[in-house]
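J.: how does the following fold in three dimensions:
(2 chains)
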Protein chains: 2
Amino acid sequence: MLLKKMMLASRATVDRLPIYYRSLKEAMQEGIEIISSEELGRRIGVTPEQIRKDLSSFGEFGKKGVGYYVSELKRNIGEILGLHKQWNIAIVGTGHLGWALAHYRNFSEMGFLIKALFDVDPAKQGLEIDGVAIEPINKLAEVVAREQIHIAIVAVPSEVAQEMTNALIAAGVHGIWNFAPVKLVVPDNVSIVNADLSAELATISYQLVHRDATQKV
Amino acid sequence: MLLKKMMLASRATVDRLPIYYRSLKEAMQEGIEIISSEELGRRIGVTPEQIRKDLSSFGEFGKKGVGYYVSELKRNIGEILGLHKQWNIAIVGTGHLGWALAHYRNFSEMGFLIKALFDVDPAKQGLEIDGVAIEPINKLAEVVAREQIHIAIVAVPSEVAQEMTNALIAAGVHGIWNFAPVKLVVPDNVSIVNADLSAELATISYQLVHRDATQKV
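T.: The predicted model follows:
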């Protein structure tokens, strides 16, 4: 039943789950034990109706007239997102963006551990970031297998992004987070998310253009 | 009428508009002149019903039984997002992430121009990235005014993120893209988007956990 319902969760709903998760975590840190959909919505700029609808895709949460138990809902959403597991991450390409992502501290608290780094530049090979050495591309299959990499961040130039992605998939990676501004082709059993930093800026320009016509979102 | 309707566009709809925009741009580059909601949906993993519903928030687009005129729809969505204007961007903090964002090439093609960089580190001041010099924080108000900065990217440590944000707003910035993992308080007339890189990874872990139960999204 739960599983059947999950199949119906829309991409928009799934995109909001990590935001709920983070907000619940903050509420927990503030010592809040019970939260209403109104208060949760206020914190993240989503209507309470939307929250109730999103959560109903996955089962019954919260108590009518009471609200949601913060730690329970956080745990449940975490399990839906797979955050109760540890995910081993590789970064391919340690240019400016890959380098910054390798130093990003907030991945590990969600269970995402950077376990492998790759770069084509011989000058970078052997350099370590947080104890993880940068390896040459020809060791990709070996290191992906050894470190049991689940998800790879592709941060290489567009021209080589598909080739790197193919190599990662051949090595057993099933999740790709693509920062190259190119459309990658992957088999159906591989999950891919295209990072689009400009898209986030465009939601700000939207708000600025419509500031007088819209409520703050 | 158009403006009134815009007020009703949900945040989820607004978040999808840049994805539509980018996909239409790709379609244009491929020489496609007319596209159906089915084909557009297939390209970006959204149902055709969702696309039609999203676009109906803003007016009437496309022709029944024909589809959308690609360049016209791209232009319309661009205008809704404010991409027909030039947006001047400042980056505050040129650590790993700010440095990478300052080098990111895909902002300018959407009309987002990096016009100012700030860092507290005297060793960095005077360094240039793409012709923009890194300025000290005490020149923030002066440079924001001179460069007519609309949007600021806050990429400083959490402890100083609120202080920097206050200074930016006092200097006239109305849009904040916050990369510090902290909740910033801003006045109602300032638009803020919190970047959450872990959240995107969590949508991949969701897909991997539910891979057998869900269709590829």
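J.: in stretch A:36-50, which residues are buried?
T.: Buried positions in stretch A:36-50, judged by neighbour count with 16 or more other CB atoms under 10 Å in any protein chain shown: A:S37, A:L40, A:G41, A:R43, A:I44, A:V46, A:Q50. In short, each C-beta sits where N, CA and C put it, glycine included.
J.: helix/strand/coil for the third one?
T.: Assigned with DSSP: H, G, I helix; E, B strand; the rest coil, A:G41 falls in the helix class.
J.: return the per-residue confidence for the nearest residue to it once chain neighbours are set aside.
T.: Leaving aside its sequence neighbours, A:G41 sits nearest to A:P48 (CB to CB, 6 or more residues apart in numbering or on different chains; 4.5 Å). Looking at A:P48, its pLDDT stands at 91.
J.: now do A:R42
T.: Reported pLDDT for A:R42: 88.
J.: how much space between the residue nearest to A:G41 and chain B?
T.: Using CB to the nearest CB, to the nearest Å, A:P48 is found at 13 Å from chain B.
J.: my guess is that residue contacts A:E38. True?
T.: Yes - with contact defined as CB atoms under 8 Å, A:P48 counts as touching A:E38 (4.8 Å).
J.: what mean pLDDT does the lengthiest helix in chain A get?
T.: In chain A, assigned by DSSP state H, the helix with the most residues is helix A:11-29. What helix A:11-29 shows for mean pLDDT is 89.
J.: output the contacting helices and strands for it.
T.: Secondary-structure packing of helix A:11-29 (3 or more CB pairs under 8 Å, 6 or more residues apart in numbering or on different chains; DSSP states H and E): helix A:37-44, helix A:48-56, helix A:70-81, helix B:11-29, helix B:197-209.
J.: want to try CSV for those, with distance to B:S71 as columns?
T.: Below are these laid out as CSV (distance: least, CB to CB, whole Å):
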stretch, distance to B:S71
helix A:37-44, 36
helix A:48-56, 33
helix A:70-81, 38
helix B:11-29, 6
helix B:197-209, 30
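J.: quick one: which of these is nearest A:I129?
T.: Closest of the helices and strands packed on helix A:11-29 to A:I129 is helix B:197-209, at 15.9 Å (criterion: CB to CB).
J.: give me the helices and strands touching that closest one, please.
T.: Packed next to helix B:197-209, using 3+ CB pairs under 8 Å, 6+ apart, are helix A:11-29, helix A:70-81, strand A:87-92, strand A:112-118, strand A:151-154, strand A:175-178, strand A:191-194.
J.: which of the helices and strands packed on helix A:11-29 sits most buried?
T.: Of all the helices and strands packed on helix A:11-29, helix B:197-209 carries the top mean neighbour count, a mean of 22, counting by mean count of other CB atoms under 10 Å in any protein chain shown.
J.: export that helix as CSV, just CAs?
T.: Provided in CSV are the C-alpha atoms of helix B:197-209 (Å, rounded to 0.1, in the frame of the first residue of the first chain):
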residue,chain,number,x,y,z
LEU,B,197,22.9,21.3,-2.6
SER,B,198,22.2,18.3,-0.3
ALA,B,199,18.5,18.5,-1.3
GLU,B,200,19.3,17.8,-4.9
LEU,B,201,21.4,14.8,-3.9
ALA,B,202,18.5,13.6,-1.8
THR,B,203,16.2,13.5,-4.9
ILE,B,204,18.8,11.1,-6.4
SER,B,205,18.9,8.9,-3.3
TYR,B,206,15.0,8.9,-3.3
GLN,B,207,15.1,7.6,-6.9
LEU,B,208,17.7,4.9,-6.1
VAL,B,209,15.7,3.7,-3.1
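J.: could you find the closest non-adjacent residue to A:L184?
T.: Excluding the flanking residues, the one nearest A:L184 by CB to CB, 6+ apart is A:T165, at 5.0 Å.
J.: for that neighbour, what are its contacts?
T.: Taking CB atoms under 8 Å, 6 or more residues apart in numbering or on different chains, we find A:T165 in contact with A:A152, A:V154, A:I176, A:N178, A:L184, A:V186.
J.: can you rerun that using 6 Å?
T.: With contact taken as CB atoms under 6 Å, 6 or more residues apart in numbering or on different chains, A:T165 is in contact with A:V154, A:I176, A:L184.
J.: which of those sits closest to chain B?
T.: A:I176 (7.8 Å; CB to the nearest CB).
J.: count the neighbours of that closest one for me.
T.: A:I176 sits with 23 neighbouring residues when counted by other CB atoms under 10 Å in any protein chain shown.
J.: report the buried residues of stretch A:170-185.
T.: Those would be A:A171, A:V173, A:H174, A:G175, A:I176, A:W177, A:N178, A:F179, A:A180, A:P181, A:V182, A:L184, for stretch A:170-185 by 16+ other CB under 10 Å.
J.: farthest pair in those?
T.: The most widely separated members of these, counting by CB to CB, are A:A171 and A:P181 (23.7 Å).
J.: how much space is there between the residue lying closest to A:S108 once chain neighbours are set aside and chain B?
T.: Leaving aside its chain neighbours, A:S108 sits nearest to A:I114 (7.8 Å; criterion: CB to CB, 6+ apart). Relative to chain B, A:I114 is positioned 11 Å away (CB to the nearest CB).
J.: thinking again about what came up before, which residues touch the residue nearest to A:G41?
T.: Counted by CB under 6 Å, 6+ apart, A:P48 has contacts A:S37, A:E38, A:G41.
J.: quick one: pLDDT of A:G126?
T.: 87.
J.: cool, A:F61 as well?
T.: A:F61 carries a pLDDT value of 87.
J.: same check on A:H210?
T.: The model reports A:H210 with a pLDDT of 86.
J.: how many residues are close by it?
T.: When neighbours are counted by other CB under 10 Å, A:H210 registers 20.
J.: what of A:D130?
T.: Neighbours around A:D130, by other CB under 10 Å: 11.
J.: and chain A, what are its domains?
T.: Partitioning chain A according to automatic domain parsing yields domains covering residues A:2-80, A:87-198.
J.: so what's the gap between the last one and the chain middle?
T.: Relative to the centre of its chain, domain A:87-198 is centred 14 Å away, using CA atoms, centre = their mean, to the nearest Å.
J.: sketch out the low-pLDDT regions of chain A for me.
T.: Within chain A, the stretches with pLDDT under 70 are A:1-8, A:212-217.
J.: not counting sequence-adjacent ones, nearest residue to A:D130?
T.: Nearest one to A:D130, counting by CB to CB, 6+ apart, is A:I114 at 7.0 Å.
J.: wait, doesn't that neighbour sit right on A:I89?
T.: Yes - using CB atoms under 6 Å, A:I114 is in contact with A:I89, at 5.1 Å.
J.: which one of these two has more residues nearby?
T.: Comparing A:I114 with A:I89 by other CB under 10 Å, the one with more neighbours is A:I89, at 25 against 22.
J.: how far away is that one from chain B?
T.: Taken as CB to the nearest CB, the span from A:I89 to chain B is 7 Å.
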